[in-house]
Structures are given as C-alpha cells and as structure tokens.
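> I would like to see how this sequence folds:
(one chain, ligands or ions: 1)
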Amino acid sequence: MSDPKPKSSGTPSAASSELDPDLLDKIRALKEKYGTTGQDLPAYLEGLLYTDYLNYWDYIHLDALLGLQTPRTEFPDEMVFIVYHQTTELYFKLVRWEQEQLADDPHLTAETFLMRLERMNRYFKILITSFEVMVEGMEPAQFRKFRMALLPASGFQSVQYRLIELASTDLINLVNRDQREGLRGASLEAMYQEVYWKRGATELATGDETLTLQHFERKYRDELLRTAHRFQEKNLWQKYLTLDVDDVQRETVKVAMRAFDLSVNVTWPMAHLRSAGKYLHREPEVIAATGGTNWQKYLPPRFQQRIFFPELWEESERSAWGTRAMSNEKRNGYVASSEETSPKSD
Ligand code: HEM
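From the prediction side, this is the model:
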C-alpha cells in the first residue's frame with residue numbers, strides 16, 4: 001500500500017514569506033513547546049497534513065453511545081427504562097465531577113464552592129423534574145413483565161448514587177438513624193457495616209440480605225470504603241466548614257447547601273418513590289418482582305432520615321424530614337418544586 005499523499009503541498013520558503021506574523025509567533029511557540037521535550041516539530045506538522053478533520057459523531061462517540069442499549073425482552077418500553085437510567089447515570093457523573101473538583105481544590109473560595117454547588121443543584125433539578133419520563137412514560141403492563149426479566153438487578157445497585165452520598169457528608173450521617181449515636185467516633189469500617197442502604201435490601205420473607213445486595217457488595221465494597229476514606233476530610237460538609245466567608249456569603253451558601261440536601265434526600269427520592277408506587281402493587285407476590293425487598297418500609301425519606309447537613313436544619317425541620325410538612329418548606333424556595341406528591345404508601 002502506498003503512503004497517502006499530504007493534503008496540500010508547497011515549499012516552506014515560499015510559504016513562510018506569505019505567513020502572517022501571528023502565525024509565525026504560533027509556530028515559534030509550538031517549536032519551543034515541542035523542543036523542550038526533544039520532539040521534532042516538523043514531524044508533528046507533517047502528521048497534521050494526514051490527519052482528518054474532527055467530526056461531531058466521532059467526538060461524542062455517537063455510534064458507541066447509541067449502541068449501548070441492549071433490551072432483554074421484546075417489550076418496546078424497556079428502551080425507555082434503559083435510556084432513562086443511562087441518562088440519570090450521566091447526570092450522576094456530572095455531580096461527582098463537581099464533587100471531585102471541590103474536594104481537590106486547595107484554595108477553595110466561597111465563590112467557587114457556590115458555583116459548583118449550584119451546578120450540582122441544577123443537575124438534580126433536571127433529574128427530579130424529568131422523573132415523569134418513568135412515572136408516566138411506560139405502559140404498566142409492559143413494565144411489570146420486562147421488569148421480571150431483569151431480576152435480581154435493581155437501581156439499588158447504582159454505585160454512583162452511593163459515591164455521591166459518600167462525597168457529600170460524614171459517613172456517620174449515612175448510618176442507620178437508630179445506630180448513629182452508638183457509632184459516633186467509631187472507625188469508618190464499623191460505620192460502613194451499618195450503612196443505611198443495607199436495610200433496603202432485606203428479603204421481606206426471610207429477613208436475609210438479598211442477592212441484589214450480595215452482588216453489589218462483592219463488586220463495590222472496597223471502592224466504597226476507599227471513597228469513604230478519601231472524602232472523610234473533604235466531603236461537601238467538611239469543605240463548607242473550611243470556607244472563609246462573611247455572614248452574607250455564608251447565608252447564600254447555606255441556602256444552596258440546604259437545597260442540595262433536600263434534592264438528594266427528599267425530592268429525588270419522592271419522585272423515584274412515585275414510580276415504585278405506580279408500577280409495583282402492594283400484594284406480596286407482586287412486591288417479589290423487585291427482588292422481594294421491603295421497599296415500602298425503606299424508600300420513603302421520612303423513614304430513612306438521611307440528612308447530609310443536619311447542622312443546617314432546625315430540630316423541627318429534621319423531625320419533619322420527608323413528610324408533607326417538609327413539602328411546604330420546598331415551596332418556600334429552597335429547592336425547585338416538582339410534582340412529587342406522595343404515593344399512597346407514604
Ligand atoms: C419505574 C421506575 C422505577 C421503579 C419502579 C423503581 C423501583 C425501585 C425499588 C422498588 C427500589 C428498592 C430496592 C429494590 O427493591 O430493588 C429501588 C431502589 C433504587 N432505585 Fe429505583 N426504580 C425505578 C427507577 C429508577 C431510576 C430511573 C433510577 C436511576 C438511577 C433508580 C435508582 C434507584 C436507586 C439509587 C435506588 C436505591 C435508593 C435508596 O437506597 O434509597 N431507580 N428502585
């Protein structure tokens with residue numbers, strides 16, 4: 001095979017007489033950049049002659065992206081279910097992206113903190129308001145059938161959801177609420193043993209750990225513990241404590257912190273719970289379609305009492321967490337209101 005021809009030709013001396021000074025400056029700068037690492041700039045420039053222009057579809061890997069949906073059944077609405085989960089995971093990735101940058105910023109200012117927090121709030125607002133895609137966007141009869149083909153997989157196994165939690169707050173706040181006092185000051189390993197989500201994966205019939213949880217722990221336990229250690233001193237709450245801010249700034253940041261707490265721990269869970277309320281009946285045999293979990297006793301935020309920043313809430317607010325009284329708080333402007341009316345089970 002013969003070498004492909006360069007895409008244009010011309011002698012360097014003829015070309016350089018036509019080059020404008022800006023371009024020459026750029027070439028000099030490039031020469032310096034490549035020279036410092038001993039690289040041969042003309043060789044790289046020749047490579048450019050053979051390189052194709054970048055296309056949109058290659059840049060965002062469109063073909064790969066659109067090939068990532070592999071339904072397990074022939075029910076058309078399974079596609080809606082898959083794509084919406086994938087979309088959610090991408091937004092979770094964006095939230096984590098901000099959390100990582102906040103954690104590793106050695107000169108964090110109140111402005112940067114607020115800017116990143118507001119980005120995260122925006123992402124969650126999109127997830128909350130778009131949950132209707134799940135609640136209204138699939139035929140229940142199809143859902144109940146294709147869901148059976150996915151067992152024992154569950155959104156419960158979304159590791160990014162757990163990573164967001166670990167990067168937001170001290171681990172003690174993710175411990176079962178009746179065990180928090182006893183474990184204050186304990187090792188992260190001891191706290192992790194009693195992390196709240198394990199109770200969500202208990203088999204209704206036997207009280208045993210579900211297969212869903214066993215698989216999840218086997219795959220992610222080490223990563224989750226590593227993350228708990230990594231964020232122990234630099235989760236959102238710890239970073240908030242380090243901010244050097246005046247009272248006005250602190251108030252603005254506090255409002256954004258509360259909005260984040262509500263979005264992740266009340267409003268999103270309520271939007272999600274509505275879908276469980278809609279699609280999963282309450283008779284034991286149909287509950288079994290979720291992997292047999294105790295989801296009705298587990299998912300409602302008022303039972304979980306997950307609060308990332310308890311210090312930013314009054315006692316009365318904490319005790320109303322996840323209840324209808326709390327919903328009024330939302331309408332008072334802490335977080336974008338969605339249609340998260342409680343399902344009947346709440
Ligand atoms: C029709 C739609 C949905 C239904 C009926 C549903 C149902 C459930 C149920 C019953 C559980 C409890 C665990 C279990 O029994 O498996 C659960 C947990 C969970 N699901 Fe979904 N889900 C839906 C959509 C989603 C979506 C789109 C996501 C996005 C990633 C998601 C993420 C989660 C997470 C993170 C948990 C754990 C929540 C926690 O620990 O508090 N779910 N889901």
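
> Any stretches of the stretch 201-346 of the chain with poor pLDDT?
For the stretch 201-346 of the chain, applying pLDDT under 70 flags the ranges 281-292, 327-346.

> hmm, 90 instead?
Segments of the stretch 201-346 of the chain classed as low confidence (criterion: pLDDT under 90) are 201-209, 245-250, 280-297, 304, 324-346.

> At the contact with the ligand, which residues of it appear?
212, 272, 275-276, 279-280, 290-291, 293, 295, 299 (CB under 6 Å from any ligand atom). Backbone N, C-alpha and C define where each C-beta goes, glycine included.

> Residue 155 versus the closest residue in space to residue 153 that isn't next to it in sequence, what's the distance?
Nearest residue to residue 153 in three dimensions, chain neighbours excluded: residue 212, at 7.3 Å (CB to CB, 6 or more residues apart in numbering). Counting by CB to CB, to the nearest Å, the gap from residue 212 to residue 155 is 10 Å.

> So between the two, which is more surrounded?
For residue 212 versus residue 155, neighbours defined as other CB atoms under 10 Å are more numerous around residue 212 (22 against 14).

> Isn't that one up against residue 154?
Yes. Taking contacts as CB atoms under 8 Å, residue 212 lies within contact range of residue 154: 5.0 Å.

> With adjacent residues omitted, what lies nearest to the residue in the chain positioned nearest to the ligand?
Closest residue of the chain to the ligand, CB to the nearest ligand atom: residue 155 (2.6 Å). Excluding its sequence neighbours, the residue lying closest to residue 155 (CB to CB, 6+ apart) is residue 85, at 6.8 Å.

> Just to be sure, that neighbour is in a helix?
Yes. Counting by DSSP: H, G, I helix; E, B strand; the rest coil, residue 85 is part of a helix.

> and the gap between the residue nearest to residue 153 and residue 293?
To residue 293, residue 212 is 7 Å away according to CB to CB.

> Which phi and psi values does residue 105 adopt?
When quoted as degrees, to the nearest 10, the phi and psi of residue 105 stand at phi -80, psi 110.

> hmm, back to that, and the residues of the stretch 201-346 of the chain next to the ligand, which is closest to residue 101?
Residue 101 has its nearest neighbour among these in residue 272, at 26.7 Å by CB to CB.

> OK, contacts around that closest one?
By CB atoms under 8 Å, 6 or more residues apart in numbering, residue 272 lies in contact with 131, 134, 155, 299.

> picking up where we left off before, now the residues of the stretch 201-346 of the chain next to the ligand in a markdown table, with secondary structure?
Putting these into a markdown table (three-state DSSP) gives the following:
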| residue | secondary structure |
| --- | --- |
| 212 | helix |
| 272 | helix |
| 275 | helix |
| 276 | helix |
| 279 | helix |
| 280 | coil |
| 290 | helix |
| 291 | coil |
| 293 | strand |
| 295 | helix |
| 299 | coil |
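
> Distance to residue 115 for the residues you listed - can I get that in a markdown table?
Formatted as a markdown table, those follow (distance: CB to CB, whole Å):
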| residue | distance to residue 115 |
| --- | --- |
| 212 | 37 |
| 272 | 27 |
| 275 | 32 |
| 276 | 34 |
| 279 | 38 |
| 280 | 39 |
| 290 | 39 |
| 291 | 40 |
| 293 | 38 |
| 295 | 36 |
| 299 | 32 |
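
> Between these, which sits nearest residue 231?
Nearest to residue 231 out of these is residue 272 (CB to CB; 23.7 Å).

> Let's see the distance spanning stretch 132-151 from one end to the other.
23 Å (CA to CA, to the nearest Å).

> Which of the residues in it are classified as buried?
133-135, 138, 142-147, 150 (16 or more other CB atoms under 10 Å).

> So which residue is dead centre in the chain?
In the chain, the C-alpha nearest the mean C-alpha coordinate belongs to residue 92, at 1.8 Å (CA atoms, centre = their mean).

> Quick check: phi and psi at the residue nearest to that one when sequence neighbours are not counted.
Take residue 92 and drop its neighbours on the chain: the residue closest to it by CB to CB, 6+ apart is residue 160, 3.9 Å away. The phi/psi pair for residue 160 (degrees, to the nearest 10) reads phi -60, psi -30.

> quick one: contacts for residue 160?
With contacts taken as CB under 8 Å, 6+ apart, residue 160 has the following neighbours: 89, 92-93, 96.

> Swap in 10 Å and give it another go.
The contact partners of residue 160, taken as CB atoms under 10 Å, 6 or more residues apart in numbering, are 88-93, 95-96.

> Same check on residue 240?
102, 108, 110, 113, 117, 250, 253-254, 256-257, 309, 311-312.

> helix or strand for it, which one?
Using DSSP states H and E, residue 240 falls within helix 236-242.

> hey, C-alpha coordinates of that helix in CSV?
Output of helix 236-242 as CSV, limited to C-alpha atoms (Å, rounded to 0.1, in the frame of the first residue of the first chain):
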residue,chain,number,x,y,z
LEU,A,236,-19.0,18.8,50.9
TRP,A,237,-19.8,19.4,54.6
GLN,A,238,-16.1,19.4,55.6
LYS,A,239,-15.3,21.8,52.7
TYR,A,240,-18.1,24.0,53.8
LEU,A,241,-16.6,24.3,57.3
THR,A,242,-13.3,25.5,55.8
